[in-house]
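Participant: structure for the following, please:
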Amino acid sequence: MTDHPSEHEHVSTAARPLAVIRAMIDAVDHDILQLLSRRNGLVAEVAAYKREHGVGIRDLKREEELLADRRDRSVPLGLSPDVVESMYRLMLWASRDRQAALRAEVPLDIESKTIAIIGGHGGMGSLMASLFGDLGHAVMIADLDTHLSPEEAASVADVVMLSVPIDVTMEMIEAIGPCVREDALLMDITSIKVEPVQAMVKHSKATVIGTHPLFGPSVHSVQGQRIVLTPGKSVNGDDWLAWLTTMFKARGLIVHETTPEKHDQAMSIVQVLTHFSTEVLGMTLAKLGVPIDETLQFTSPIYLMDLLMTARHFAQSPDLYASIQMSNPETAHVLEAFTTAATEVRAMAVNKDLDAFRGMFKEVHDYFGDFTDEALAQSSYLIDRLVERQ
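Facilitator: Numbers count the residues shown, from 1 in each chain. Take a look at the predicted model:
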């Protein structure tokens, strides 16, 4: 016999009141917020140093070392390394965004430009106005509700950006192109590039660079978002391309340069195919008429992700998505391939052809190759974040 309870026996202890425990948790959380504020202050110092010494914002080696260190330190503390890594990845993202907002990658001797945004009161126009304004440039806006006309703005600006619907882009290029100074930059942000770039080159003597932000105006931050540049014409060896690249990178954007033709071909997959499949899914659900609330009682994370993206799609402008699909020169080819694939997979399912189905799975798996490993890891992360918010 022993006077001490065995490790398997329950030891009764008086639990502290729940209200007291919650108050203690609140106090710890408040301390964490204070520490985050101190960390944010140090990030500001980092931004100042990087700007003074011409150091880029992102340091992948430093990030990898930091994440590995925080994971290792979390284990003896009884914390989940995966959860800790997720928290620090978010903090690193916020750190990069803070540094970009503090102009860490903007050269000290950068010259302020006058930027005219045609259509600057729209969603993307407003976002671009804020982006260039944050970088210290003077922004003028010409829109349907402004006294300043597009032609007047284009004639005096160093940089003229078109942010208008696709269906009026050509008309606007013809109107303002001749007004743009030869030493200026003319650019657009439409989701197709071949036609607009050709039109800007034809109707203007200025340098021409087509651009396409691969994000919408509702993003919380442009940090880490992608933008495509498709140069069309350079005048007298100017350095507008380098300037524009510097500006976008300074605000944390990932810049990819390509030709208008390659851009439109890629967008036929990235946008046209994706949007079309989403629309087919949404239309099928509507035709089946199953109540959404009822399906959510049985939802899996994958179905919920698909449902969220589909509902998000149909909550936006039909004119926008129609213009994206109907203006891309590759649309007919891509949608024909989609229809053919859908017909083949339907036949497998209806005919219960397991061998054909397995063959299709292998064919597509082989197509994705090593990307499947990354896809599993990334999608698992997304699923975890989505489940956390339910």
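
Participant: my guess is P165 contacts D319, does it?
Facilitator: Yes: if you go by C-beta atoms under 8 Å, P165 and D319 touch, sitting 7.0 Å apart. Every residue, glycine included, has its C-beta placed from N, CA and C.

Participant: between these two, which is the more surrounded one?
Facilitator: P165 (14 against 11; other C-beta atoms under 10 Å).

Participant: spatially nearest residue to the more buried one, not counting backbone neighbours?
Facilitator: Spatial nearest neighbour of P165, excluding adjacent residues (C-beta to C-beta, 6 or more residues apart in numbering): S323 at 6.5 Å.

Participant: give me the most central residue, the protein.
Facilitator: Taking C-alpha atoms, centre = their mean, the centroid of the chain lies closest to Q225, which sits 4.0 Å from it.

Participant: ok, the closest residue to that one other than its chain neighbours - contacts?
Facilitator: Setting aside the residues directly before and after it, Q225 is nearest to F215 in space (C-beta to C-beta, 6+ apart), at 4.3 Å. By C-beta atoms under 8 Å, 6 or more residues apart in numbering, F215 lies in contact with V222, Q225, R226.

Participant: mind telling me what element F215 is part of?
Facilitator: For F215, there is no host helix or strand (DSSP states H and E).

Participant: need the next SSE after whichever helix or strand the residue nearest to P165 is part of, C-terminal direction.
Facilitator: S323 is part of helix 318-327 when elements are defined by DSSP H and E. Next in sequence after helix 318-327, counting helices and strands by DSSP H and E, comes helix 331-350.

Participant: just checking, what packs against that following helix?
Facilitator: For helix 331-350, the packing partners by 3 or more C-beta pairs under 8 Å, 6 or more residues apart in numbering; DSSP states H and E come out as helix 274-288, helix 354-368.

Participant: average model confidence for it?
Facilitator: For helix 331-350, the mean per-residue pLDDT is 96.

Participant: that helix to helix 274-288, inter-axis angle?
Facilitator: 50 degrees (axes from the mean of the first three to the mean of the last three C-alpha atoms, to 10 degrees).

Participant: any buried residues in helix 331-350, and which?
Facilitator: Neighbour-count burial for helix 331-350 flags T331, V334, L335, M348 (criterion: 16 or more other C-beta atoms under 10 Å).

Participant: any idea how the protein splits into domains?
Facilitator: 18-101, 114-258, 264-388 (automatic domain parsing).

Participant: out of those, which is closest to L108?
Facilitator: Set against L108 and scored by C-beta to C-beta, the domains of the chain come closest in domain 18-101, at 6.5 Å.

Participant: and the helices in the stretch 51-200 of the chain?
Facilitator: Ranges of helices in the stretch 51-200 of the chain, per DSSP state H, counting those that start in this stretch, are 60-74, 81-101, 123-134, 150-156, 166-176, 194-203.

Participant: and Y303, how many neighbours?
Facilitator: Y303 has 12 nearby residues by other C-beta under 10 Å.

Participant: actually A242, not the one I wrote
Facilitator: As a burial measure, A242 scores 9 neighbours (other C-beta under 10 Å).

Participant: three-state assignment of it?
Facilitator: helix (DSSP: H, G, I helix; E, B strand; the rest coil).

Participant: and the gap between it and F248?
Facilitator: Going from A242 to F248 by C-beta to C-beta, to the nearest Å gives 11 Å.

Participant: by average pLDDT, which secondary structure element in this structure comes out worst?
Facilitator: Ranked by mean pLDDT, DSSP states H and E, the weakest helix or strand in the chain is helix 371-388, scoring a mean of 85.

Participant: okay, now the unreliable bits of this structure?
Facilitator: 1-14 (pLDDT under 70).

Participant: quick check, Y49 in contact with V55.
Facilitator: Yes: using C-beta under 8 Å, Y49 is in contact with V55, at 7.1 Å.

Participant: using PDB, list the CA coordinates for stretch 123-133.
Facilitator: What follows is stretch 123-133, C-alpha atoms only, in PDB (Å, rounded to 0.1, in the frame of the first residue of the first chain):
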ATOM      1  CA  GLY A 123     -13.100  49.000 -58.200                       C
ATOM      2  CA  MET A 124      -9.700  48.300 -59.800                       C
ATOM      3  CA  GLY A 125      -9.200  52.000 -60.700                       C
ATOM      4  CA  SER A 126      -9.600  53.000 -57.100                       C
ATOM      5  CA  LEU A 127      -7.200  50.200 -56.000                       C
ATOM      6  CA  MET A 128      -4.600  51.400 -58.500                       C
ATOM      7  CA  ALA A 129      -5.100  55.000 -57.400                       C
ATOM      8  CA  SER A 130      -4.400  54.000 -53.800                       C
ATOM      9  CA  LEU A 131      -1.400  51.900 -54.800                       C
ATOM     10  CA  PHE A 132       0.400  54.700 -56.700                       C
ATOM     11  CA  GLY A 133      -0.700  57.300 -54.200                       C
END
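
Participant: show residues contacting that stretch.
Facilitator: 113, 115, 117-120, 139, 141, 143, 159, 161, 163, 189, 213, 216-219, 222, 247, 251.

Participant: phi first, then psi, for L36.
Facilitator: phi -60, psi -40 (degrees, to the nearest 10).

Participant: L308 versus the closest residue to it other than its chain neighbours, what's the distance?
Facilitator: Closest residue to L36 apart from its sequence neighbours, by C-beta to C-beta, 6+ apart: M91 at 7.8 Å. Separation of M91 from L308 (C-beta to C-beta) stands at 25 Å.

Participant: before I go, just wanted to say thanks for your time.
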